[in-house]
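Colleague: take a look and give me a structure for this.
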Amino acid sequence: MKTVTTRGGSSSSFRISSFCSNSSSILRFFILLILFIFVFNFYSRRVLEDEENLNLQLPSHNDVVSVSVSQQLPDDNYKLWKPPISDGLRSCVNPTSRYQGVQGGDRYITLRSNGGLNQMRTGIADMVAIARMMNATLVIPELDKRSFWQDKSIFSDIFDEDYFIDSLKRDVRIIKKLPYELVNVPRARKHFTSWGGLGYYEEMTKLWADYQVIHVPKSDSRLANNDLPLDIQRLRCRALYHALRFSPSIETLGKKLVERLRSREGRYISLHLRYEKDMLAFSGCTYGLSDSESEDLRLLRENTNHWKVKKINSTEQRIAGLCPLTPKEVGIFLQALGYPPSTVVYIAAGEIYAHLSDLTSRFPNVLFKDMVASEEELKVYSNHASQTAALDYIISLESDVFVPTYSGNMARAVEGHRRLLGHRKTITPDRKGLVEIFDKLESGQLNEGASLQHLVKHLHEKRQGGPRKREGAPDGIRGRARFKVEESFYQNPYPECICKSKHRK
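Modeller: Residues are numbered from 1 along each chain as shown. Below you'll find the model as predicted:
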């Protein structure tokens, strides 16, 4: 008999002679025993790891959107809708400890806010910050009624006016109308410079020596994107993302439409398809259009006085990535990313100029407002493009995926807002890179399938709306020219209004 002692100190006796007849049998026995223990431990560990990995991939109990069982699994379908990792970043828009109370007294700024809905919104947010810097009272803005859409809406038709005034009462004094005794006094009519900084507006306070009222006839891009005090930048965020809340009727209908879209497939893409007549005419993009359609756009551009550039080379525009994607290109793009034909695609835009069938042939579940809302619900918004654009904004903000096909005011505003709300998934097409791919498809050098999918997915791996700091001007651009090509503050308010913290502010 032999005694085998374990490392733990215990011992057991085995009658080896009754089990084996020679030393080779003993060796085989221990080899088999060790192999059995190794295999058992290996598979036990794999089971535990699989369980842990599954738990890590499940959404938390506090997620806003309910998730089905199929969404919980780490498959390709789940990845299509999964938002980017936010790295613990949260919105932080509250004032710093150095911030002083309300500003503004017997000096007033009146304002005509120009452009479409989101151009007006960002311009108003800028003017709130400017009123703060100039220690002035801001009068509720007059909205643009001369733009392409000829919308006659006033401020309170689109925004919750009382909420706007009240939510900013600790920052800037805002009133609905200029005091009666000042209505007819001489005003300083001032076109503030584009992308002005703190020093510029401190210099502009000299106007108060001669005037009690300054009128600003144009509000867009009045304030720099960068190099402003932290509290001014956070005030811009509070003004745009919180104070400029839409009117109760718009908010209510917008939420209803979101619910109806979700009731179809559970999730939806909001596609800001800028294939509208005014955008194509303005940009000079005619790729894929007929000769008569191209001529129609040229005439519109020629006859629109405030569009300064009249002769545009459409081919050069497209190659440079300066044209909106066509409906056909959008369909190819979404399919290459992996979205199935059953995907619900909401068109957040005005009337599409042409060729929508090139998209609907690939994605039959393409929807517009009038397909989700009743005629009665939309009746009040007829001939009010800014109010219907507000509905599109709400639907795009709440969408599972937002895809803008052109970097306009709405695309930038929605992207920035989604970043502030936890980096919701926003796929921004690399238009310049995609043109090269689409041209290869057109010439037969590339076919739709696995190769196309690989190229498109690789091109957009880092264009999903994940955290990144705002980009400055490209190298080599100096002077004031750099301000125009910097990334918009409202497109990406990181790092001033997004930071790492335990609690959302």
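Colleague: following the one helix or strand Thr110 maps to, which helix or strand comes up?
Modeller: Assigned by DSSP states H and E, Thr110 belongs to strand 108-113. Counting by DSSP H and E, the next helix or strand C-terminal to strand 108-113 is helix 117-133.
Colleague: quick check, central residue of the chain?
Modeller: The centre of the chain sits closest to Glu415, judged by C-alpha atoms, centre = their mean, with a distance of 1.4 Å.
Colleague: these two touch, right, it and Gly465?
Modeller: Yes: the criterion here is C-beta atoms under 8 Å, and Glu415 meets it with Gly465 at 6.9 Å. C-betas here are computed from N, CA, C, even on glycine.
Colleague: coming back round to it: which helices and strands does the strand holding Thr110 pack with?
Modeller: In terms of contacts (3 or more C-beta pairs under 8 Å, 6 or more residues apart in numbering; DSSP states H and E), strand 108-113 is packed against helix 117-133, strand 137-139, strand 142-143, strand 213-216.
Colleague: winner for burial among the ones you listed?
Modeller: helix 117-133 (a mean of 25; mean count of other C-beta atoms under 10 Å).
Colleague: one step back: ok, and what's touching the strand holding Thr110?
Modeller: 120, 123-124, 127, 130-131, 134, 136-139, 141-144, 178-179, 182, 187, 212-220 (C-beta atoms under 8 Å, 6 or more residues apart in numbering).
Colleague: quick revisit: check contacts around the residue nearest to the centre of the chain.
Modeller: Glu415 neighbours (C-beta under 8 Å, 6+ apart): 402, 404, 426, 428, 465, 491-492.
Colleague: ok, it to Asp171 distance?
Modeller: As judged by C-beta to C-beta, to the nearest Å, Glu415 and Asp171 stand 25 Å apart.
Colleague: tell me which of the contacts of Glu415 is nearest to Asp227?
Modeller: Asn492 (15.5 Å; C-beta to C-beta).
Colleague: leaving out sequence neighbours, find the closest residue to Gly465.
Modeller: Excluding the flanking residues, the one nearest Gly465 by C-beta to C-beta, 6 or more residues apart in numbering is Thr426, at 3.4 Å.
Colleague: tell me how many other residues crowd the one you found.
Modeller: 25 (other C-beta atoms under 10 Å).
Colleague: next: the one 3 residues further on.
Modeller: Using other C-beta under 10 Å, Pro429 has 24 other residues around it.
Colleague: tell me who's in contact with it.
Modeller: 325, 333, 403-405, 460, 463.
Colleague: circling back to that earlier point, direction included, what does the strand holding Thr110 pair up with?
Modeller: strand 137-139 (parallel), strand 142-143 (parallel), strand 213-216 (parallel) (DSSP bridges).
Colleague: how far out from the middle of the chain is the shortest one?
Modeller: Read that as strand 142-143. Centre-to-centre, strand 142-143 and its host chain are 25 Å apart (C-alpha atoms, centre = their mean, to the nearest Å).
Colleague: check the longest one too.
Modeller: Mean C-alpha position of strand 213-216 versus that of the full chain (C-alpha atoms, centre = their mean) differs by 33 Å.
Colleague: please shift the residue numbers so they start at 52 in all later answers.
Modeller: Right, with 52 as the first residue, what we last looked at is strand 264-267.
Colleague: contacts for stretch 210-230?
Modeller: Against stretch 210-230 from outside (C-beta under 8 Å, 6+ apart): 146, 152-156, 159, 161, 179, 182-183, 188-191, 206, 264, 286, 289-290, 293-299, 302.
Colleague: average pLDDT for it?
Modeller: Mean per-residue pLDDT for stretch 210-230: 97.
Colleague: kindly report the same for stretch 378-394.
Modeller: Mean predicted lDDT for stretch 378-394 stands at 97.
Colleague: ditto for stretch 185-201
Modeller: On average, the pLDDT along stretch 185-201 is 86.
Colleague: and Val116, what's its pLDDT?
Modeller: Note for Val116: predicted pLDDT of 35.
Colleague: typed the wrong thing, it's Glu493
Modeller: We have a pLDDT of 94 for Glu493.
Colleague: which strand or helix spans it?
Modeller: Per DSSP H and E: helix 482-494 holds Glu493.
Colleague: list the buried ones in the helix or strand following that helix?
Modeller: Once the chain leaves helix 482-494, the next helix or strand it forms, by DSSP H and E, is helix 501-510. Judged by neighbour count using 16 or more other C-beta atoms under 10 Å, the buried positions of helix 501-510 are 503, 506-507, 510.
Colleague: ditto for stretch 349-360
Modeller: 349, 351-352.
Colleague: just the endpoints, please. Distance across it?
Modeller: 11 Å (C-alpha to C-alpha, to the nearest Å).
Colleague: stretch 229-249 now?
Modeller: 26 Å.
Colleague: again with stretch 521-532
Modeller: 18 Å.
Colleague: who's in contact with that stretch?
Modeller: For stretch 521-532, contacts defined as C-beta under 8 Å, 6+ apart pick out 246, 276-277, 533-534, 536-538, 540, 542-546.
Colleague: how about stretch 467-476?
Modeller: 132-135, 137, 140-142, 144, 288, 291-292, 448, 450-453, 477, 515-518, 539-545, 548-549.
Colleague: how about Glu538: what's its closest non-neighbour residue?
Modeller: Going by C-beta to C-beta, 6+ apart, Glu538 has Glu522 as its nearest residue, at 4.2 Å.
Colleague: any idea how far that neighbour lies from Cys548?
Modeller: Glu522 is 16 Å from Cys548, by C-beta to C-beta.
Colleague: over to Ser343?
Modeller: Counting by C-beta to C-beta, the gap from Ser343 to Cys548 is 47 Å.
Colleague: these two - which one has more neighbours?
Modeller: Set side by side, Ser343 and Cys548 give different neighbour counts by other C-beta under 10 Å, the larger being at Cys548 (26 against 7).
Colleague: per-residue confidence at that one?
Modeller: Predicted confidence (pLDDT) for Cys548: 98.
Colleague: show me what contacts it?
Modeller: By C-beta under 8 Å, 6+ apart, the neighbours of Cys548 are 142-144, 284-285, 288, 471.
Colleague: just the ones of the buried residues of stretch 349-360 in helices?
Modeller: 349, 351-352 (DSSP state H).
Colleague: mean confidence score for stretch 497-508?
Modeller: On average, stretch 497-508 scores 96.
Colleague: what lies in contact with it?
Modeller: 383-384, 386-389, 485, 488, 491-492.
Colleague: repeat that with 7 Å
Modeller: The contact list for stretch 497-508 (C-beta atoms under 7 Å, 6 or more residues apart in numbering) reads 384, 387-389, 488, 491-492.
Colleague: filter those to the buried ones?
Modeller: 384, 387-388, 488.
Colleague: switch those over to a markdown table; also include distance to Ile216 and secondary structure.
Modeller: Putting the buried ones among the contacts of stretch 497-508 into a markdown table (distance: C-beta to C-beta, whole Å; DSSP: H, G, I helix; E, B strand; the rest coil) gives the following:
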| residue | distance to Ile216 | secondary structure |
| --- | --- | --- |
| Phe384 | 43 | helix |
| Ala387 | 48 | helix |
| Leu388 | 43 | helix |
| Ile488 | 50 | helix |
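Colleague: what's the farthest-apart pair in those?
Modeller: Within the buried ones among the contacts of stretch 497-508, two members stand farthest from each other by C-beta to C-beta: Leu388 and Ile488, at 12.5 Å.
Colleague: got the angle between the helix or strand the residue nearest to the centre of the chain falls within and helix 168-184?
Modeller: Element membership for Glu466, per DSSP H and E: helix 460-471. Helix 460-471 and helix 168-184 are oriented at 60 degrees to each other (axes from the mean of the first three to the mean of the last three C-alpha atoms, to 10 degrees).
Colleague: and of the contacts of stretch 497-508, the nearest to Lys430?
Modeller: Of all the contacts of stretch 497-508, Lys430 sits closest to Phe384, with 34.9 Å by C-beta to C-beta.
Colleague: would you map the helices across the stretch 402-551 of the chain?
Modeller: 408-411, 420-423, 426-430, 436-448, 460-471, 482-494, 501-510, 532-536 (DSSP state H, counting those that start in this stretch).
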